[in-house]
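>>> Pasting a predicted model and its sequence here:
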Amino acid sequence: MMKLRIVALTFLLTAITADAAEVALDVGHTLADPGAISARGRGEYHFNRALAPLVQAALEARGIAVRPINYDGRIGSLAARPDAARGADLFLSLHHDSLPAHEQETWEWKGQRLSFSDRYAGHSLHVSRRNPEAATSAACASAIGAAMQMADFVPTRHHYPRHPWADEANAVHWHDNLVVLHRSTMPAVLFEAGVIKHRGEELLLADPERMARMADAIATGVAACLYATQR
């Protein structure tokens, strides 16, 4: 309940200024390795890259500095991401979700045979118990998850039980072996915005108004977390 009250407070204020707070905002995947391919053939990196400046603007509107990581899609390695984030207060990696191959089927889109699955949709958040700031990572992920649901976004549950719950109510999973999470020296959260293999959700994830609303919810949760940890 305390986390929800903190998040609710941020909605009542025009801005929360977290003095000296800085978020390292990471665009997941690269131009050369774009990650999951959507139901209509668009690489995950391009979804991540489109969302990042909206999240950045929403964070900066709350007085939080942003350190962009991999905006050009050319970062050298997974380990280079947390290395580039050293000194920030929070590492936030933006991603879009897929599903295992055995849960996918094929369809034809504009002359291409592509894979899809309409079984699952929704966002999720991931943190690592191997991160040196695991408790704060989980608290920040919970704050983001709570803000997302207060903004009427519905989470997916398909990562459980493979990745156990850190906070079931707010769709936060322990995902211990992700390099960007356990190699980070500060609290780290990986955010999955939605399932791009889902044909309906793929279209929603590219809708500008919805993307802006999602970015605002993410920033609200981050501000709530940073405000709470700096008190």
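Sure thing, it's come through. It should be emphasised that the depicted structure is a prediction, and the values quoted were computed from it without experimental measurement.
>>> Tell me the bridge partners for the residue nearest to residue 40 when sequence neighbours are not counted.
Nearest residue to residue 40, sequence neighbours excluded (C-beta to C-beta, 6 or more residues apart in numbering): residue 109, at 5.2 Å. (C-beta placed from N, C-alpha, C; glycine too.) Beta-bridge pairing for residue 109 (DSSP bridges): residue 112.
>>> Tell me how far residue 109 lies from residue 42.
Distance of residue 109 to residue 42, given as C-beta to C-beta, to the nearest Å: 11 Å.
>>> With neighbour numbers in mind, choose between the two.
residue 42 (18 against 14; other C-beta atoms under 10 Å).
>>> What residues does that one make contact with?
Counting by C-beta atoms under 8 Å, 6 or more residues apart in numbering, residue 42 makes contact with 196, 202.
>>> swap in residue 122?
Contacts of residue 122 by C-beta under 8 Å, 6+ apart are 153, 154, 155, 156, 157, 171, 194, 195, 201.
>>> can we see that at 10 Å?
97, 148, 153-158, 171, 192-195, 198, 201 (C-beta atoms under 10 Å, 6 or more residues apart in numbering).
>>> which among those residues end up buried?
97, 148, 153, 155-156, 158, 171, 192-195, 198, 201 (16 or more other C-beta atoms under 10 Å).
>>> Arrange those in TSV, one row each, with secondary structure, pLDDT and distance to residue 105 as further columns.
TSV is the format used below for the buried ones among the contacts of residue 122 (DSSP: H, G, I helix; E, B strand; the rest coil; pLDDT from 0 to 100; distance: C-beta to C-beta, whole Å):
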residue	secondary structure	pLDDT	distance to residue 105
97	strand	98	17
148	helix	98	28
153	coil	98	26
155	strand	98	23
156	coil	98	18
158	coil	96	16
171	coil	98	25
192	strand	98	21
193	strand	98	23
194	strand	98	19
195	strand	98	14
198	coil	98	12
201	helix	98	16
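>>> Name the nearest of those residues relative to residue 46.
The closest of those to residue 46 turns out to be residue 193 (C-beta to C-beta; 12.5 Å).
>>> What is the least confident helix or strand in this protein?
Using mean pLDDT, DSSP states H and E, the weakest-scoring helix or strand in the chain turns out to be helix 2-12, at a mean of 45.
>>> Looks like residue 189 contacts residue 134 (just checking).
No: in this structure, residue 189 is not within contact of residue 134 by C-beta atoms under 10 Å, at 11.1 Å.
>>> Now do the shared contacts for these two.
127, 128, 181.
>>> hang on, the earlier thing: which residue of residue 189 and residue 134 possesses the greater neighbour count?
Set side by side, residue 189 and residue 134 show more neighbours around residue 189, with 33 against 19, by other C-beta under 10 Å.
>>> ok, now which ones touch the more buried one?
23, 90-94, 125-128, 131, 136-145, 172, 180-181, 218, 221-222, 225.
>>> Give me the three-state assignment for it.
strand (DSSP: H, G, I helix; E, B strand; the rest coil).
>>> tell me which residues form a beta bridge with it?
So, taking DSSP bridges as the rule, residue 189 has residue 92 as bridge partners.
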